[in-house]
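Asks: Sharing a model prediction with you, sequence too.
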Amino acid sequence: MATLRTVRIREHYAPRRDNAPAPPPPPPKYKSLHDAVRDGDVQGVRDFLSTGRDVNETDSSGNTALLLAVCIKQEEIYDAIVAVLIENGADVNAYNKGFTPLYNAVFYKRKTSVEMLLKAGAWLRPSYKNELHHLAEHGGSRILELILDDERCTPEIINRPDDEGRTALHLAAQFCHKNCLRTLIDHGGDLSSTNDDGETVADLVFQQIIAPDGFFGEILDGKIAIKQTDKYKYNYGIDFRVLAPKKYGRQMDVISSVLAAASDEEKIEVLQHPLIELYLILKWERICYFFYLWITAYFIFATSTGVYFNLLMHNAENMETLRTALKYIVILTASGLLAHAILQCVLDRRKYFQRYEMWMNLICTCLALTVAITVDGYSENASDAEFPDWVVHVTSIDILLAWFELMLLIGRLPSLGYYALMFSAVLQNVVKVLLAYACLLIGFTMSFSIQFHNSPVFSNPWRTLAKTVAMMIGEFEYGDLFGEEGADSPRILPVTSRFIFLLFVVLATVVLMNLLVGVAVSDIQELHVLGRAKKLEKQAEFLQQLEAFMSSEHLRSEYVPGIVKKVIVLRSFINTQFDMSCDELQKIHKIPKRITDSLAAIAKGHKQFKEVEN
């Protein structure tokens, strides 16, 4: 029995002596690749594909095996099957009913599969709402960074809107995903992008994100880097692309959007960041020549208007040639300034009614053109009395408005910004106090009109009001009001009139005027604390207006000379990346040492934080 068993074992292990082929492999376990994928059988998928079947075969619903893999719940099995399918040539951009393999992997946050699919050539689905929008809405900054780091991902793709006009940044801000929002901004996201409701990304940031000014400051801090070029020398890398994502677009849109969305306190915090202050200084350095050209044109207009109207009113017969020349200068400069004001209105319709400077410009130029075209030559030998009354009214008002507008323009200069703010603050406070105590002023006006009704100065309400205001600043003329009593002197009440007059001196002249001075001085002291931020806000607003005018399509039409277009393009934009030392910033661009020291402190602190983190 033992011998028989030994023989059978030898026969079993003995080598085959004939050349018969090996038996065929067993038939696959599954009838289709989709069944193997659906069961999550990695080996079954390999075995099925080893038979040479088409890996991109679709089922009755139009899904390939790679699309169907989304039904696998276990992440490791899902990743393994995706890897096998990609190795065997699966179409990584297969599309069915709005779904792609990459979108499925992103939807279930399968980071490993997303990385494999991207390396195999998968890309965002061709629809309004793509994978970036989904990650921004539901979170997933690590997967988002994988997609954004792909060389195919451009700022145009990042800022692509969905069917409601929302970019991925809108969704990240709306749903408070700060890491996703920061990643999108770092890769070229535009904070000034607007959705269908007219909301910018900055609007949503300041509405939804907690401490938005701090969040924005952290992003700006990350754009300042330090690089050691020598043993004792350092260069600082400045990246302005967060403020100007479109290098050759309108570079003030982001700052304007942030300032429009932020509260007064948040504006101060944002504007005090050295990166924004440096950006505004460099931008002003490029555009200031156009401002000087504008202010020169306005100075010529104001001067020629004043001289021309005075020659017109005083009928200077021996200066006819000068008057004619000034007339054409007024028409030329007023027409140019009027065209500029109209273009500004067209470019910025939303804030048109909020800017009193624009209204003053329109009114002033229109009045000057009206007088210059219609009045000159009214009468060659006319005296001032022969001119219609409306001419006298219009010319006097127009000259005052022209020089007042010129004062406001000069106040736009960075070196004079503090004085313009002080004047504005005092003016606002005077108006507020006068409005608050208008009842007191009206009461005294009417009382004086009754008490001194026989006096020519108080003969009508308008004269009485003017005299009362003059008395507020000390022009009492007590002797004229309460002179010696005689037959020809006006009749007054000796007790009541003097009592009301003394009450006016105490309440209006002493109390009210000192109140005005005190409020004005206190606000000026506050402006010294907040003045830099306020000045930068005004400067940013003006730069945005000037850039909108310079980048308008009207100035780039075929009718504008090519040299003008070239100058506008060259002077409108600044480089969005700088790499230089603090000494170079101070010497070349005249940057204050206070700003360069702040930049250096932020860069060194950021570098030390990274070293500790690593």
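Replies: That came through fine.
Asks: wait, what's in contact with residue 81?
Replies: Listed by Cβ atoms under 8 Å, 6 or more residues apart in numbering, the contact set of residue 81 reads 37, 40, 42, 45, 69, 72. Every C-beta, even on glycine, is put in place using the N, C-alpha and C of the backbone.
Asks: Apply 7 Å and report the result again.
Replies: Going by Cβ atoms under 7 Å, 6 or more residues apart in numbering, residue 81 touches 37, 42, 45, 69, 72.
Asks: show me what contacts the fourth one?
Replies: Residues near residue 69 by Cβ under 7 Å, 6+ apart: 37, 78, 81-82.
Asks: Where is the longest helix in this structure?
Replies: helix 274-314 (DSSP state H).
Asks: list the helices and strands that helix packs on?
Replies: Here helix 274-314 touches helix 320-347, helix 389-410, helix 513-550, helix 562-572, helix 593-613, going by 3 or more Cβ pairs under 7 Å, 6 or more residues apart in numbering; DSSP states H and E.
Asks: and those helices as TSV, adding mean pLDDT and distance to residue 586?
Replies: TSV is the format used below for these (pLDDT from 0 to 100; distance: least, Cβ to Cβ, whole Å):
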stretch	mean pLDDT	distance to residue 586
helix 320-347	86	35
helix 389-410	88	27
helix 513-550	76	18
helix 562-572	70	23
helix 593-613	78	6
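Asks: With mean neighbour count and distance to residue 171 as new columns, can the ones you listed be given to me in CSV?
Replies: Below are the helices and strands packed on helix 274-314 laid out as CSV (neighbours: other Cβ atoms under 10 Å; distance: least, Cβ to Cβ, whole Å):
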stretch, mean neighbour count, distance to residue 171
helix 320-347, 17, 29
helix 389-410, 16, 42
helix 513-550, 17, 26
helix 562-572, 13, 32
helix 593-613, 14, 28
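Asks: what's the closest of these to residue 214?
Replies: Counting by Cβ to Cβ, residue 214 lies closest to helix 593-613 out of these; the figure is 13.9 Å.
Asks: Can you check what angle separates that closest one from helix 513-550?
Replies: In terms of direction (axes from the mean of the first three to the mean of the last three Cα atoms, to 10 degrees), helix 593-613 departs from helix 513-550 by 70 degrees.
Asks: part of a strand, is residue 237?
Replies: Yes - counting by DSSP: H, G, I helix; E, B strand; the rest coil, residue 237 is located in a strand.
Asks: What is the burial count for it?
Replies: 14 (other Cβ atoms under 10 Å).
Asks: tell me the contacts of it?
Replies: Residues in contact with residue 237, defined by Cβ under 7 Å, 6+ apart, are 225, 227, 579.
Asks: Can you give me the distance of it to residue 580?
Replies: With distances taken as Cβ to Cβ, to the nearest Å, residue 237 is found 9 Å from residue 580.
Asks: about what we covered before: out of the contacts of residue 237, which is nearest to residue 289?
Replies: Residue 289 lies nearest to residue 579 out of those, by Cβ to Cβ, at 25.6 Å.
Asks: Partner strands of the helix or strand containing the closest one, with direction?
Replies: Per DSSP states H and E: residue 579 is located in strand 577-580. In the sheet, strand 577-580 lines up against strand 234-239 (antiparallel) (DSSP bridges).
Asks: so for the strand it pairs with, what's the average pLDDT?
Replies: Across strand 234-239, the average pLDDT comes to 85.
Asks: distance between it and the chain's centre?
Replies: The chain centre lies 24 Å from the centre of strand 234-239; the measure is Cα atoms, centre = their mean, to the nearest Å.
Asks: Make residue 1 into 534 and carry on from there
Replies: From this message on, residue numbering opens at 534, which makes the last subject strand 767-772.
Asks: Give me the contacts around the next helix or strand after it.
Replies: Downstream of strand 767-772, the first helix or strand assigned by DSSP H and E is helix 786-794. Outside of helix 786-794, the residues within contact range by Cβ under 7 Å, 6+ apart are 724-725, 733, 735-736, 738-739, 749, 776-777, 800, 803, 809, 1070, 1073, 1077.
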